[in-house]
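A.B. asks: Okay, structure incoming, though there's no sequence with it:
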Ligand SMILES: Cc1cc2nc3c(=O)[nH]c(=O)nc-3n(C[C@H](O)[C@H](O)[C@H](O)COP(=O)(O)OP(=O)(O)OC[C@H]3O[C@@H](n4cnc5c(N)ncnc54)[C@H](O)[C@@H]3O)c2cc1C
Ligand code: SF4
Ligand code: SF4
Ligand code: SF4
């Protein structure tokens, strides 16, 4: 019997999935079992195109789910909006899950019918830059790479020949490579906001690389795991005290790295300089609206407060569109990085929005996307 709070180590009983999976294929097997046994109608996963490219799909085909096994560190897609209006199970990094929770607060997602399997996340990288990094820093042909892993502050690259090469993330990032900026300061590495929190941290001994550490966060997590065990899709055993302590320790190392990056990036701007700072940051904006389109914390659609002020004839240096959005998202930006990823003018949109949101979220000890708790202020909801 599975209970909330259980910490187990498990893997897929299907050898193919176990070998293809990032660490034992437990996540794929749990998703496939949820579909097979009718816990959900559909599953969201990534369809692999190459080691550097994948597209999100929603499928009711168990074989497509099984084929999705494996972690794609160079695919910084956010899956949150794929859950909208569906009865699905989906994997996701902490930011994907935070996005789903923000969508649920806005009644776009029925959280009771959405099963969330969280993946520990040390960060994601841009595909083109990663290829360059592999050649220049690792001296590895990008086409030889079969997988990556983040362990003890190192980015480990695995090749076809079975070799592994690790370089410290600090060193890579000093050289201008490594994780996206938002991942560097992201401070949720274990997705405790999901139904299950899964990852390879804490998997030691002969199971290392071949099994997943999984924490059961709530009753939906219990259902997911029990369903997969009963269906014969996974095998599990309790995590040892040593495994639990190691996972905790690695998480703390990653969080202290995030803190260092936060201190480096979010330098204090005197109040008298603030308006100038935001105007300058958005001076090159071409008003394309892509940052709003991808935002998982935004559900307003076409008719929204910010688009009302999205007037290309504005003679303000900074579009009113951003002023409204900065206010609107100050209680709900989750720092997922998607707005920076899509900006054609190379504006660090995430860092600007996080800087603005940090002040209010910190003051009210509120972290968007972690629970269904309503934002503490700003939004005045009609009763
Ligand atoms: C970007 C990324 C970074 C990670 N970093 C760490 C880490 O630092 N420490 C740690 O302990 N664990 C990390 N993990 C989790 C770990 O790699 C495994 O996913 C986890 O241990 C489960 O293994 P598995 O074999 O059960 O998963 P699998 O059975 O291989 O299933 C993986 C699932 O993840 C989905 N997926 C793959 N790539 C992505 C992506 N980019 N975004 C969203 N979903 C995706 C796939 O569709 C699949 O459903 C990371 C995962 C990802 C995706
Ligand atoms: S923002 Fe956080 S959870 Fe999302 S990809 Fe980056 S490190 Fe992972
Ligand atoms: S504003 Fe940017 S970083 Fe914040 S939630 Fe929206 S897309 Fe993500
Ligand atoms: S994506 Fe960039 S250019 Fe487009 S509206 Fe947003 S900030 Fe402006």
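C.D. replies: Arrived safely, thanks for sending. For clarity, every value in this text was computed on a predicted model and none was experimentally measured. Ligands and ions are numbered 1, 2, ... in the order given.
A.B. asks: Now residue 213: phi and psi?
C.D. replies: phi -90, psi 130 (degrees, to the nearest 10).
A.B. asks: contacting residues for it?
C.D. replies: For residue 213, the contacting residues are 7-9, 198-203, 239, 243, 247, by Cβ atoms under 8 Å, 6 or more residues apart in numbering. The way it works is simple: take the backbone N, C-alpha and C, and place the C-beta from them, glycine included.
A.B. asks: Excluding covalently adjacent residues, which one is nearest to it?
C.D. replies: Of all residues not flanking residue 213 in the chain, residue 202 sits nearest, at 4.1 Å (Cβ to Cβ, 6 or more residues apart in numbering).
A.B. asks: ok, that neighbour - how many residues close by?
C.D. replies: Look at residue 202: counted by other Cβ atoms under 10 Å, it has 27 neighbours.
A.B. asks: Over to residue 193?
C.D. replies: Applying other Cβ under 10 Å, we find 24 other residues in the vicinity of residue 193.
A.B. asks: Partner strands of the longest strand seen in the chain, with direction?
C.D. replies: When the chain is parsed with DSSP state E, its longest strand is strand 42-50. According to DSSP bridges, strand 42-50 forms sheet pairs with strand 53-59 (antiparallel), strand 88-93 (parallel).
A.B. asks: just checking, which of the ones you listed sits deepest inside the structure?
C.D. replies: Counting by mean count of other Cβ atoms under 10 Å, strand 88-93 has the highest mean neighbour count of those, with a mean of 26.
A.B. asks: about what we covered before: gap between the longest strand of the chain and the chain center?
C.D. replies: Strand 42-50 sits 15 Å away from the centroid of its parent chain (Cα atoms, centre = their mean, to the nearest Å).
A.B. asks: And stretch 122-137, by the same measure?
C.D. replies: Remark: stretch 122-137 is offset 18 Å from the chain centroid, using Cα atoms, centre = their mean.
A.B. asks: Show me what counts as buried in the lowest-mean-pLDDT helix or strand in the chain.
C.D. replies: In the chain, no helix or strand scores lower on mean pLDDT, DSSP states H and E than helix 305-308, which sits at a mean of 76. In terms of neighbour count (16 or more other Cβ atoms under 10 Å), helix 305-308 has its buried residues at 306-307.
A.B. asks: how about that helix, does it reach ligand 3?
C.D. replies: No. Helix 305-308 is not in contact with ligand 3 by Cβ under 6 Å from any ligand atom; minimum separation 11.2 Å.
A.B. asks: Does anything pack onto that helix? Which helices or strands?
C.D. replies: Using 3 or more Cβ pairs under 8 Å, 6 or more residues apart in numbering; DSSP states H and E, the elements in contact with helix 305-308 are helix 320-329.
A.B. asks: Pull the residues that contact whichever helix or strand comes after the helix it packs on.
C.D. replies: Under the assignment DSSP states H and E, the closest C-terminal helix or strand after helix 320-329 is helix 338-342. Residues outside helix 338-342 that contact it (Cβ under 8 Å, 6+ apart): 76, 78, 126, 180-182, 290-291, 293-296, 347-351, 353.
A.B. asks: in stretch 140-157, what counts as buried?
C.D. replies: 140, 142, 145, 147-150, 153-155, 157.
A.B. asks: Stretch 26-42 too?
C.D. replies: 26-35, 39-40, 42.
A.B. asks: That stretch: how far from the chain's middle?
C.D. replies: Remark: stretch 26-42 is offset 20 Å from the chain centroid, using Cα atoms, centre = their mean.
A.B. asks: Please apply the same query to stretch 253-263.
C.D. replies: Distance of stretch 253-263 from the chain centroid (Cα atoms, centre = their mean) equals 17 Å.
A.B. asks: Now do it: everything it contacts.
C.D. replies: Contacts to stretch 253-263, defined as Cβ under 8 Å, 6+ apart, come from residues 122, 150, 152-153, 169-170, 184-187, 189.
A.B. asks: Which of the residues you listed sits closest to ligand 2?
C.D. replies: Proximity of those to ligand 2 (Cβ to the nearest ligand atom) peaks at residue 186, which lies at 3.0 Å.
A.B. asks: follow-up on the earlier one: can you go through the contacts of helix 338-342 and name the buried ones?
C.D. replies: With neighbours counted by 16+ other Cβ under 10 Å, these contain buried members at 76, 78, 126, 180-182, 290-291, 294-296, 347-351, 353.
A.B. asks: In helices only, show me these.
C.D. replies: When the buried ones among the contacts of helix 338-342 are checked against helices (DSSP state H), the matches are 181-182, 290-291, 294, 349-351, 353.
A.B. asks: ok, and of these, which contact ligand 2?
C.D. replies: Among those, the ones lying near ligand 2 by Cβ under 6 Å from any ligand atom are residue 182.
A.B. asks: Tell me which two of the ones in helices among the buried ones among the contacts of helix 338-342 sit farthest apart.
C.D. replies: 181 and 290 (17.4 Å; Cβ to Cβ).
A.B. asks: tell me the centre residue of the protein?
C.D. replies: Geometric centre of the chain, nearest residue: residue 93, 2.9 Å, by Cα atoms, centre = their mean.
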